[in-house]
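K.L.:
Got a predicted structure plus its sequence, pasted below:
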Amino acid sequence: MFKAVHRLWHTCWNGPSNSNFSMTFSAMFMQMGLTSFWIRWNNQEDLFVECCDFFTDNQNDIVATEKFKTLSPPTVTRLLKKTFDLETQFDVIRHAHANGMDFILDPLEQPIIESLSLDTFCNTVSYVWACSRDDLKDACAKFFNDNQAEIRMRKEFYELSPHVTHGVMKLGYEILSNLTVS
C-alpha cells in the first residue's frame, strides 16, 4: 500500500501547479488521512512538508476548491500552523479569515468563546473587532460587563487599540441599557 500511496502522491505533486486535478487531489489526500498514515509509517514529516510547500505556492487556488472546504478544521489547522509557522489558535483564525477560509472559523472560534477568561479576553476581543466577527462581539461585551473591574486592572487591556476598547465598552453599555429597558 505504501508504494501505491507514495506513487499517487508524487503524481499529484509533480504535475503542473495549476492543474485542477492536483488541487482537488491534494485536498482529497489530506482529507483521507493518507498524509498521517505515511508520516506514522515512515516516522518522518517529509511528505507533510511537501504538502505544506505545495500549499504555500498554491494557497489561493487550493482554498478556492470545493474539496478544500470539506477538510476538517483540525486538518486545516495543522496545515496552516506548519506551513506558515503559526503558533496560536488566534494566529490560525486570523490567517484563515484573511485568506477566505471562512468554513473553519465557526468551529475554531466556538471553543475560544466558550472558554473566554480574563487571560484570553484581550486576545479574543482584539481578534473579534479586527476581523469584524459581529456574531462574537456580544459574548465579549457580556463578559466585559461581568468582569470589567478585573479586566480594567490588566495592563494588556490598555494596550488594545482604542477602536477595540471603545467598541467593547460601548457594546457592553448597549447590552446593559437594553436589559434595563426590557
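P.N.:
That came through fine.
K.L.:
quick one: secondary structure of residue 47?
P.N.:
helix (DSSP: H, G, I helix; E, B strand; the rest coil).
K.L.:
start the count at 632, not 1, going forward
P.N.:
That works, and once the first residue is 632, the last one we named lands at residue 678.
K.L.:
so how far is residue 705 from it?
P.N.:
18 Å (Cβ to Cβ, to the nearest Å). Backbone N, C-alpha and C define where each C-beta goes, glycine included.
K.L.:
With neighbour numbers in mind, choose between those two.
P.N.:
Under the criterion of other Cβ atoms under 10 Å, the comparison of residue 678 against residue 705 puts residue 678 first, with 22 against 11.
K.L.:
Next one: that one relative to residue 685, how far apart?
P.N.:
11 Å.
K.L.:
swap in residue 740?
P.N.:
27 Å.
K.L.:
Between the two, which is the more surrounded one?
P.N.:
residue 740 (23 against 18).
K.L.:
what's the neighbour count on residue 755?
P.N.:
That count, for residue 755 with other Cβ under 10 Å as the rule, works out to 23.
K.L.:
Secondary structure element holding it?
P.N.:
helix 752-761 (DSSP states H and E).
K.L.:
need the longest helix for this protein.
P.N.:
Longest helix in the chain by number of residues, with DSSP state H as the criterion: helix 793-812.
K.L.:
Quick one: list the elements packing against that one.
P.N.:
helix 752-761, helix 765-782 (3 or more Cβ pairs under 8 Å, 6 or more residues apart in numbering; DSSP states H and E).
K.L.:
can you rerun that using 10 Å?
P.N.:
helix 752-761, helix 765-782, helix 786-789 (3 or more Cβ pairs under 10 Å, 6 or more residues apart in numbering; DSSP states H and E).
K.L.:
would TSV of those helices with distance to residue 727 be doable?
P.N.:
Shown next, in TSV, are the helices and strands packed on helix 793-812 (distance: least, Cβ to Cβ, whole Å):
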stretch	distance to residue 727
helix 752-761	11
helix 765-782	14
helix 786-789	23
